[in-house]
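In: mind folding the following:
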Amino acid sequence: LSHGGAQDFRVHFEIKPGPAMAVRVPIYFGSQSGTAEYMAKELQSEALSHGVKCDVIDLDDFSPDEFIRDSVMVFVVATYGEGDPTDNAMKFHNWVANKATEAGILEGKHFAVMGLGDMNYTNFNAMGKSVDTNMERLGAKRFYKRGAGDDCQDIMADFDDWRSGGFFESLKDVASKAVPNNTQKTPGKKQVQKKVQALVCTGGERGDKMVGTLAEASMAILKDEGLDVRGPLDLSERRVEEKLAAVPEGGVIFILTTGSEGEGLGAGARKLTRRVRTECSAGTLKGRCYQVIVLPSNNATSEEVKKAAGADVDALCKALELVGASACSDVTFAETGDSALDNLATAVAAVCGGPAEEADNNNAAGEEDNAAPAPKQLTVHLMQDAKSLPSCPEMAGEACDTLGKFYFKAIPMTIATVKELRQKPEPELGLSTVQVDFKAKEVGLEFEAGDSLEILPRNSAADVEWFASMLGCTSMLDWHLCFAAPGASKGIKQPFPTPCTVREALTSYCDL
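Out: Next up is the predicted model:
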């Protein structure tokens, strides 16, 4: 970390790899608190010393089409709560555990799993076991034993025992025999365009049969247009956001709902807005597009519905777009079911486009495709006046690691009350049970049974001032900063949201 004058900091990371083989091995991590991500990076670093090049990949970026191209895969996955996948592993879990996923699709692939959990929970290490079992079910072969880390004992010791028991030797052996990632496709064989998957969702008021009838008609039309149609999915179902995330990239989500003067947007659609805002991270629906069609109920006209439900619709669209989805076309406020069906053609054309170009794969990519990634440079601009900060369109507005994701999706909330429940608390001995009430409805959140709440603490002003003095930047605490990656293409991720002040960065985003 070098200080480039009063206004710029430059951070430069560089790994100098030793001799390595052609194949690159992805190390996928599913992490809620960052432990699995840390372990994945540890494996990557040590594997390089054994001559194996690895890429650490967030399962939030999982894509089935890319996934099946790899010959060798390593997983470090944590279990969340009572046997659930972590938030960032939800898409992958929905694919690998889905009985509809093509049997034998991973034939010829090799994998190893390190699972993390806590023996205090009933379904200990459930995610590690699930990945291990389902990878084998889909045809892949285990090249090294499954590991199990226990957080209530010594999880790092469990990890060390697993990797030191022959993991790297096994990894090197299987990687040396693997087909390079860029030559996986059959030479001379032309790519075949896959059917676009469409998920039809219904989100009207309870007892409203009109949306269900429209859904059936819509599915018939979409099938005639050649789409791979799924549904109908009732948006009032639990964990509905997971079903949306299971739609593959390139797919489309049709949301059919109702609106009225009294109720606004249908209850299912309103619930979807809340679930996407609170349960999805940036990029969850990346590569998917959506189409919202609103039907009038209670004898309302489309104009009356548009006026009454417009704010709800805008909130739904904004929530979907914040997690990566894009609109096929403008929201339709239909007068009748027939006019709603007419709008499907526009959406289908926007999704499907023209026929896929055929590509000849005779020529395998050259050595450049297998070269180690070039070192990346991240610049921090620091200015007294926020208006003087440069525009940085290359930054994606997404976190570059697991812990950072919480910063990007956090919602400021007011604490209503704090109540000590013990009659004789002794906080210095850890004997304190506190009930904290939050004003969730102020920010549009509703608690449902089974929901969890993550709290991001802020560092005290005294700690911030002390660290600032040690860093020699006390006079710059109220200066403004932003990240940039000069010369890079779009989509560069960052440690925490900017622009912000140095004080806010030290207060909210740094573990002091």
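In: so how far is the helix of greatest length in the chain from its chain's centroid?
Out: When the chain is parsed with DSSP state H, its longest helix is helix 302-322. Chain-centre distance of helix 302-322: 24 Å, with CA atoms, centre = their mean, to the nearest Å.
In: C-terminal to it, what's the next element?
Out: strand 326-327 (DSSP states H and E).
In: can you list the residues that contact that following strand?
Out: Defining contact as CB atoms under 8 Å, 6 or more residues apart in numbering, one finds that strand 326-327 is touched by 288, 289, 290, 291, 292, 317, 321. Just so you know, the C-beta spots here come from the backbone N, C-alpha and C atoms, and that holds for glycine as well.
In: tell me the secondary structure for the residue of the chain most remote from its centre?
Out: The centre of the chain is farthest from one residue, residue 424, which by CA atoms, centre = their mean lies 43.7 Å away. With DSSP: H, G, I helix; E, B strand; the rest coil as the basis, residue 424 sits in coil.
In: show the pLDDT at it.
Out: pLDDT for residue 424: 91.
In: any idea how far residue 436 is from it?
Out: 20 Å (CB to CB, to the nearest Å).
In: now swap in residue 430 and tell me
Out: Using CB to CB, residue 430 is found at 17 Å from residue 436.
In: between the two, which one's more packed in?
Out: residue 436 (11 against 6; other CB atoms under 10 Å).
In: surely the more buried one is within a strand?
Out: Yes: Residue 436: assigned to a strand according to three-state DSSP.
In: now stretch 23-31: how far from the chain's centre is it?
Out: 15 Å.
In: show me the contacts of strand 326-327 that map onto helices.
Out: In helices, defined here by DSSP H, the members of the contacts of strand 326-327 are 317, 321.
In: buried members of the contacts of strand 326-327 into ChimeraX, please.
Out: In ChimeraX, this line selects whichever of these come out buried by 16 or more other CB atoms under 10 Å:
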select :288,289,290,291,292,317
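In: from the contacts of strand 326-327, pick the one nearest residue 386.
Out: Nearest to residue 386, judged by CB to CB, of the contacts of strand 326-327 is residue 321 at 25.3 Å.
In: the closest residue in space to the closest one that isn't next to it in sequence: how many residues sit nearby?
Out: Excluding the flanking residues, the one nearest residue 321 by CB to CB, 6 or more residues apart in numbering is residue 327, at 7.4 Å. Residues near residue 327, counting by other CB under 10 Å, number 15.
In: with residue 307 instead?
Out: Applying other CB under 10 Å, I find that residue 307 has 15 neighbouring residues.
In: 36 is where my numbering starts, stick with that
Out: Sure, I'll start counting at 36 from here, so that last one is residue 342.
In: can you pull the contacts of it?
Out: By CB under 8 Å, 6+ apart, residue 342 has no neighbours at all.
In: please point out which parts of the longest helix of the chain sit buried.
Out: Buried, per 16+ other CB under 10 Å, within helix 337-357: 337, 339-341, 343-345, 347-348, 350-352, 354-355, 357.
In: surely residue 357 touches residue 317?
Out: Yes: with contact defined as CB atoms under 8 Å, residue 357 reaches residue 317; the gap is 7.0 Å.
In: ok, back up a step: quick one: which of the contacts of strand 361-362 is nearest residue 167?
Out: Among the contacts of strand 361-362, and counting by CB to CB, the member closest to residue 167 is residue 323, at 28.6 Å.
In: count of neighbours near residue 486?
Out: 11.
In: what about it, helix or strand, and which?
Out: Going by DSSP H and E, residue 486 is not in any helix or strand.
In: and it, how far from residue 125?
Out: 15 Å.
In: over to residue 479?
Out: Residue 479 is 23 Å from residue 125, by CB to CB.
In: check residue 262 too.
Out: If you go by CB to CB, the gap between residue 262 and residue 125 works out to 24 Å.
In: if you count surrounding residues, which of the two has more?
Out: Neighbours were counted for residue 262 and for residue 125 using other CB under 10 Å; residue 125 has more, 25 against 21.
In: surely the more buried one meets residue 279?
Out: No: here residue 125 does not reach residue 279: they are 10.2 Å apart, not a contact under CB under 8 Å.
In: what values do phi and psi take at residue 154?
Out: phi -60, psi -10 (degrees, to the nearest 10).
In: and it, how many neighbours?
Out: 12.
In: just checking, it touches residue 184?
Out: No: between residue 154 and residue 184 there is no contact, the gap being 10.2 Å when judged by CB under 8 Å.
In: so where's the protein uncertain?
Out: 36-57, 214-230, 239-244, 296-297, 333, 370-412, 484-485 (pLDDT under 70).
In: can you pull out the helices in it?
Out: 70-84, 99-102, 125-131, 161-172, 190-198, 202-211, 244-259, 275-280, 302-314, 337-357, 372-387, 437-444, 496-506, 537-539.
In: can I get these in JSON lines with distance to residue 92?
Out: Output for the helices of the chain, formatted as JSON lines (distance: least, CB to CB, whole Å):
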{"stretch": "helix 70-84", "distance to residue 92": "8"}
{"stretch": "helix 99-102", "distance to residue 92": "9"}
{"stretch": "helix 125-131", "distance to residue 92": "10"}
{"stretch": "helix 161-172", "distance to residue 92": "14"}
{"stretch": "helix 190-198", "distance to residue 92": "18"}
{"stretch": "helix 202-211", "distance to residue 92": "16"}
{"stretch": "helix 244-259", "distance to residue 92": "32"}
{"stretch": "helix 275-280", "distance to residue 92": "17"}
{"stretch": "helix 302-314", "distance to residue 92": "22"}
{"stretch": "helix 337-357", "distance to residue 92": "23"}
{"stretch": "helix 372-387", "distance to residue 92": "27"}
{"stretch": "helix 437-444", "distance to residue 92": "12"}
{"stretch": "helix 496-506", "distance to residue 92": "33"}
{"stretch": "helix 537-539", "distance to residue 92": "30"}
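In: looking at those helices, which is closest to residue 139?
Out: Residue 139 lies closest to helix 161-172 among the helices of the chain, at 9.6 Å (CB to CB).
In: what angle do the closest one and helix 70-84 make?
Out: 50 degrees (axes from the mean of the first three to the mean of the last three CA atoms, to 10 degrees).
In: which strands and helices lie in contact with helix 161-172?
Out: strand 107-115, strand 119-120, helix 125-131, strand 145-152, strand 176-177 (3 or more CB pairs under 8 Å, 6 or more residues apart in numbering; DSSP states H and E).
In: what are the buried residues along the third one?
Out: It stands for helix 125-131. Within helix 125-131, the residues that count as buried by 16+ other CB under 10 Å are 125, 126, 127, 128, 129, 130, 131.
In: and the contacts of that helix?
Out: So helix 125-131 is contacted by 63, 65, 94-95, 97, 99, 120, 136, 162, 165-166, 169-170, 173, 277-278, 280-281, 319 (CB under 8 Å, 6+ apart).
In: first-to-last residue distance for stretch 288-305?
Out: Using CA to CA, to the nearest Å, the end-to-end distance of stretch 288-305 comes out at 16 Å.
In: ok now it, how far from the chain's centre?
Out: With CA atoms, centre = their mean, you get 26 Å for stretch 288-305.
In: then stretch 357-371?
Out: The answer for stretch 357-371 is 22 Å, by CA atoms, centre = their mean.
In: list of residues touching stretch 511-523?
Out: 411-421, 424-425, 427, 429-430, 499-500, 503, 527, 529-530, 533-538, 540-541.
In: could you redo the last one with a cut-off of 7 Å?
Out: Identification of contacts with stretch 511-523 by CB atoms under 7 Å, 6 or more residues apart in numbering yields 411-419, 421, 424-425, 427, 429-430, 503, 527, 529, 533-538, 540.
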